[in-house]
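In: mind folding the following:
(one chain, ligands or ions: 1)
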Amino acid sequence: MVGIDVIQDFFPTKIHALITNRQGGFSSLNFKSLNLGLMSGDSVKLVKKNRSIIREYLESDIVWMNQTHSSDVSFISKYSSFVNADGIITRNSELACAVLTADCLPILFCSSDAELIGSIHAGWKGLSSGILENFFKKIVSENFFSFNNPNSKHLFYFWFGPCICKNCYEVGDEVKTKFSILDQNYDEFFEPAYNKWYFDMQSLAVYKTRIFFNSQEKYVIKIKVDNRCTYEDDKTFFSYRRDGKTGRMASVIITDK
Ligand SMILES: [Zn+2]
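Out: Next up is the predicted model:
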């Protein structure tokens, strides 16, 4: 469907996941056309019309986050139109979890039984303040699963969506320092540029995910990376770095009814 790219050949068959592109919406100018970000400066009426396209396509309520580059993760049990968080998790099969991006990294998650799903908004601020670790701790520690076989392992799926790539994402010393203080291993995701650094945000997020789950005996993970660059492809993607005032794409996941 125009505007919607289904994420194929990765998640379990019971999962429906997608990322939107710029096509097929009602917005114009910088927001042309499928802008899903209510806070982007676009007409709220048009964004709501655009959102209804996705809602009708999925035939489900979508939980949207009020994203603030925080490390806050919320567990959602019933529909809410607006959640203050940068990560959400649900086991309510009536609900879709969404994340809005325009250069930041969208991450979608599910468990192999498709009982548990979630979405994460990850930019450098969230990644350096623990959004991933908070999300991972929540999905493993709250005893979401009953272990029938104590020797069995649980399988988690993580999809890392399109974001600004390592060749386009220039950051200053202050960003690199934030990560270096946490762990010098993160230095490998920064390449020197003139007075700046090129930052491979997506690879750092994948690395953090592998490191976390390597230390978890009960869990194994599957990872898929969509390495298209939002900054380079202006036909497909909104890009905050490229365009400033611009729209937002949505990455959305839901359990098939
Ligand atoms: Zn790029």
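In: before we move on, what SS does residue 155 have?
Out: Here residue 155 is recorded as strand under DSSP: H, G, I helix; E, B strand; the rest coil.
In: per-residue pLDDT, the nearest residue to it once chain neighbours are set aside?
Out: For residue 155, ignoring the flanking residues on the chain, the nearest one in space by Cβ to Cβ, 6 or more residues apart in numbering is residue 112 at 3.8 Å. C-betas here are computed from N, CA, C, even on glycine. Turning to residue 112, the model gives it a pLDDT of 91.
In: do you know how far residue 112 is from residue 226?
Out: Remark: distance between residue 112 and residue 226 (Cβ to Cβ, to the nearest Å) = 20 Å.
In: what segments of this structure are helices?
Out: Counting by DSSP state H, the chain has helices at residues 44-58, 124-129, 131-141, 173-182, 201-214, 240-243.
In: give me the residue from the stretch 1-150 of the chain nearest the ion.
Out: Of all residues in the stretch 1-150 of the chain, residue 103 sits closest to the ion, at 9.6 Å by Cβ to the ion.
In: contacts only, for the closest residue to that residue other than its chain neighbours.
Out: Distances taken as Cβ to Cβ, 6+ apart place residue 164 nearest to residue 103, at 4.2 Å, with adjacent residues excluded. Residue 164 makes contacts with 103-104, 201, 229-231, 239, 241, as judged by Cβ atoms under 8 Å, 6 or more residues apart in numbering.
In: one more: residue 154?
Out: Contacts of residue 154 (Cβ under 8 Å, 6+ apart): 111-112, 145, 218-220.
In: what's across from the residue most central in space within the chain in the sheet?
Out: Centroid check for the chain by Cα atoms, centre = their mean gives residue 106 as the closest residue, at 2.1 Å. Beta-bridge partners of residue 106, counted by DSSP bridges, are residue 121.
In: wouldn't it be in contact with residue 119 here?
Out: Yes: using Cβ atoms under 8 Å, residue 106 is in contact with residue 119, at 7.0 Å.
In: mutual contacts of those two, please.
Out: With Cβ under 8 Å, 6+ apart as the test, residue 106 and residue 119 both reach 99, 251.
In: list, one by one, the residues from this structure near the ion.
Out: 165, 167-168, 229, 231-232 (Cβ under 5 Å from the ion).
In: report the buried members of those residues.
Out: Buried subset of those (neighbour count, 16 or more other Cβ atoms under 10 Å): 165, 168, 229, 231.
In: mind putting those into TSV with pLDDT?
Out: TSV is the format used below for these (pLDDT from 0 to 100):
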residue	pLDDT
165	98
168	98
229	98
231	98
